[in-house]
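[1] coordinates for the following, if possible.
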Amino acid sequence: MQRAGWHCQFLEGDLETPPPKQLAFLSQSMIPQLARRGGANFDLEAERAVQHGINIGRGGAWLSLNDDQCRKLK
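    Below you'll find the model as predicted:
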């Protein structure tokens, strides 16, 4: 979500519970990089969806975080 920068929130497997940590970026260019590092499927359709979300100021992507990445969010 864009709000005085870009704020990224994550959800647990139940798709309701957010871990305590959120990420914030000043530049929208970090969003696709974050999605790639998080294991997001980045075929052409997914890349367009992420870009559309950036253009409208909000959106989402499915990530496949490994155990270490999940621990860092908690």
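
[2] quick check, His7 in a strand?
    Yes. Judged by DSSP: H, G, I helix; E, B strand; the rest coil, His7 forms part of a strand.

[3] contacts only, for it.
    Neighbouring residues of His7 by CB atoms under 8 Å, 6 or more residues apart in numbering: 1, 22-24. C-beta here means a position set from N, CA and C on the backbone, and glycine is covered the same way.

[4] ok, which pair from these is furthest apart?
    Met1 and Leu23 (11.4 Å; CB to CB).

[5] returning to what we had before: what about the contacts of His7, which are in strands?
    Within the contacts of His7, residues falling in strands by DSSP state E are 23-24.

[6] could I get the contacts of His7 as CSV with distance to Gln9 and pLDDT?
    Below are the contacts of His7 laid out as CSV (distance: CB to CB, whole Å; pLDDT from 0 to 100):
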residue, distance to Gln9, pLDDT
Met1, 8, 88
Gln22, 5, 87
Leu23, 8, 88
Ala24, 10, 90
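
[7] tell me which of the contacts of His7 is nearest to Pro32?
    Nearest to Pro32 among the contacts of His7, counting by CB to CB, is Leu23 at 13.7 Å.

[8] any idea how many residues pack against that closest one?
    For Leu23, the number of neighbouring residues by other CB atoms under 10 Å comes to 13.

[9] just the one 4 residues further on next, same as before
    Residues lying near Ser27 (other CB under 10 Å) number 9.

[10] for Arg58, see how far away it is.
    According to CB to CB, to the nearest Å, Ser27 and Arg58 sit 16 Å apart.

[11] equivalent analysis for Gln2, please.
    7 Å.

[12] of the two, which one has the most company?
    A direct count of neighbours by other CB under 10 Å for Gln2 and Arg58 places Gln2 higher, at 16 against 12.

[13] so for the closest residue to the more buried one other than its chain neighbours, what's the pLDDT?
    Leaving aside its chain neighbours, Gln2 sits nearest to Gly57 (3.9 Å; criterion: CB to CB, 6 or more residues apart in numbering). Gly57 carries a pLDDT value of 91.
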